[in-house]
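# Model the structure of this input:
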Amino acid sequence: MIFRASNTSSFAQTLLPHSHRVKTLATVLSHPEDIVLLGTVSLPEIRTVLFSCNTLQYPFPFAQFSTVAVAHLTNADIGFTTVNLANLTWLVIDNSIHYLPSLVDVISVLRNAPALVQVGLMGCAGFTREDLTALRSTQVIQMQKLRTLYISSEAIYIREFFNVVSVSALAQIALHVRMPLAWQRVGGTNICSISLPTAEKFHHVGCLLSANIIAVELRGDKPGLSCVDKTTGGALQWTYTATDTYTAASPYFWQDLIEDFAEAIGHLSMDRIANFSLSLRDDPFAEEELHFVPLFRALPNMHMLLVQAQRAEGVLGALTYLQDTACELGVAVCPRLSVLRLQDLVVDDSVVEKLLDCFLMRKDTCDEGLDYLLLAIGSVRLDTKHLARLEEEEFRTIVCEAE
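Next up, the predicted model:
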């Protein structure tokens, strides 16, 4: 059943005799009186509401819809709520081109909806000093039933959310951080870190402290960093949107992201993780190679590295980099790396030589060395001579089809 602003009055009159049977309602509001007329209709069996505002952001009346299980609000506001929303399991507020409601008010809804399984919040962050003061004194909400959380907003909104809301390690969390125009990276202010609360509240952020796989995506229009807990199935992902076409096409943008991710891995205590996946653009910059040494330096305990890319010269070059530590000179990055898997790699004579140089150097400088090279080459055929050249050395090379 669809509720439209153009015939609000006649619709309300027509609906009254049947209101006790309505379970789903879609509303599109254009005028202030529409929300008043909607409030005159009692809908005791309502379970799903799609509430949208054409112009101004009118507040959604949770008091009238306290029985709903699904609420999808578009370009809408909400007020501070004390109503028991025990049936609410699915809440989306999609204000993508407008401001989100006050986080204080959003928190009031979450606190009264303990059965929530899925939450989505999309829109610009708007804060007052009073909001921040109120949030600082708000009691933490334990959302143990939440399994899917998506937030697309500025870093401050995401950070203040997790200051107050604790999400289970079982949850799938996706955070799309809106990068300000002309964003300039400054040491210690990487996007991942400033979008999360301080370390004593990391346990609020899903599987952040229990993750055992890290992945970095350096391709597409939303590059990102993610981590996964194989035990619980929980996941945490940050993605970013390039500010404009020039930025996305610039190697400096991607290099800054590498620096950000490396810094974030250390700040978020993910340097303990042994399994790492790296996905690269299909058109890496030929004139100015990306430098991966900072990223690998941040992963001293990495045991397995999966690289998804057609070219991997920059990765192989970084793996042959020797660094000086406080205890020893000439130590390779990721000294515990023993398995390297290259997926979709285009193999030629030059690549084979770089692979061999990497393996031989690491054999001489690392306690463990590389035990396995797995080539998951997909549709790219590995020449027999290349395989034979690799097998001349004491490395176990396994060729398989890409997943």
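
# got the buried residues for the longest strand along the chain?
Counting residues, the longest strand found in the chain (DSSP state E) is strand 90-99. Neighbour-count burial for strand 90-99, counted by 16 or more other C-beta atoms under 10 Å, picks out Trp90, Leu91, Val92, Ile93, Asp94, Asn95, His98, Tyr99. For every residue, glycine as well, the C-beta is placed using N, CA and C.

# Tabulate the residues you listed in a markdown table, adding columns for distance to Ser168 and pLDDT.
A markdown table is the format used below for the buried residues of strand 90-99 (distance: C-beta to C-beta, whole Å; pLDDT from 0 to 100):
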| residue | distance to Ser168 | pLDDT |
| --- | --- | --- |
| Trp90 | 17 | 98 |
| Leu91 | 17 | 98 |
| Val92 | 19 | 98 |
| Ile93 | 21 | 97 |
| Asp94 | 24 | 96 |
| Asn95 | 26 | 94 |
| His98 | 30 | 90 |
| Tyr99 | 28 | 92 |
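
# Closest one of those to Lys222?
Comparing the buried residues of strand 90-99 against Lys222 with C-beta to C-beta picks out Asp94 as the nearest, at 17.5 Å.

# That closest one against Thr74, yeah?
Yes. Using C-beta atoms under 8 Å, Asp94 is in contact with Thr74, at 4.9 Å.

# which non-adjacent residue is nearest Cys124?
Tyr99 (4.8 Å; C-beta to C-beta, 6 or more residues apart in numbering).

# Enumerate every residue touching that neighbour.
The contact partners of Tyr99, by C-beta atoms under 8 Å, 6 or more residues apart in numbering, come to Gln57, Gly123, Cys124, Ala125, Gly126.

# what's the closest residue to the fourth one other than its chain neighbours in contact with, if anything?
With sequence-adjacent residues excluded and distances taken as C-beta to C-beta, 6+ apart, Ala125 is closest to Tyr157, at 3.6 Å. Taking C-beta under 8 Å, 6+ apart as the criterion, Tyr157 is in contact with Leu100, Leu103, Leu121, Ala125, Phe127, Ile151.

# one more time with 10 Å, if that's ok
Counting by C-beta atoms under 10 Å, 6 or more residues apart in numbering, Tyr157 touches 99-100, 103, 106, 121, 123-127, 151, 177-178, 195.

# same deal with Leu103?
Per C-beta under 10 Å, 6+ apart, neighbours of Leu103: 121, 125-127, 131-132, 134-135, 138, 153, 156-157, 160-161, 163-165.

# what helices or strands is the strand or helix carrying Leu149 leaning on?
Taking DSSP states H and E as the criterion, Leu149 maps to strand 148-153. Helices and strands touching strand 148-153, as assessed by 3 or more C-beta pairs under 10 Å, 6 or more residues apart in numbering; DSSP states H and E, comprise strand 90-99, strand 118-124, helix 155-164, strand 172-177, strand 235-240.

# Ends of stretch 340-355, what's the gap?
10 Å (C-alpha to C-alpha, to the nearest Å).

# list the buried ones in it?
Leu340, Arg341, Leu342, Gln343, Asp344, Leu345, Val347, Val351, Val352, Lys354, Leu355.

# for stretch 72-85, same thing?
Neighbour-count burial for stretch 72-85, counted by 16+ other C-beta under 10 Å, picks out His72, Leu73, Thr74, Asn75, Ala76, Asp77, Ile78, Thr81, Val83, Leu85.

# tell me the secondary structure for the last one?
The local conformation at Leu85, judged by DSSP: H, G, I helix; E, B strand; the rest coil, is coil.

# didn't it look like it was pressed against Gln64?
No. Assessed by C-beta atoms under 10 Å, Leu85 is found out of contact with Gln64, at 11.9 Å.

# if we can go back for a sec, which one of the buried residues of stretch 340-355 is nearest to Lys201?
Arg341 (34.9 Å).

# and that closest one, bridged to which residues?
On the basis of DSSP bridges, Arg341 is bridged to Leu306, Leu374.

# pLDDT of stretch 126-135, averaged?
Across stretch 126-135, pLDDT averages out at 81.

# how about it: buried residues?
Gly126, Phe127, Leu135.

# same check, this time on stretch 157-166
Buried-residue list, stretch 157-166, by 16+ other C-beta under 10 Å: Tyr157, Ile158, Arg159, Glu160, Phe161, Phe162, Asn163, Val164, Val165, Ser166.
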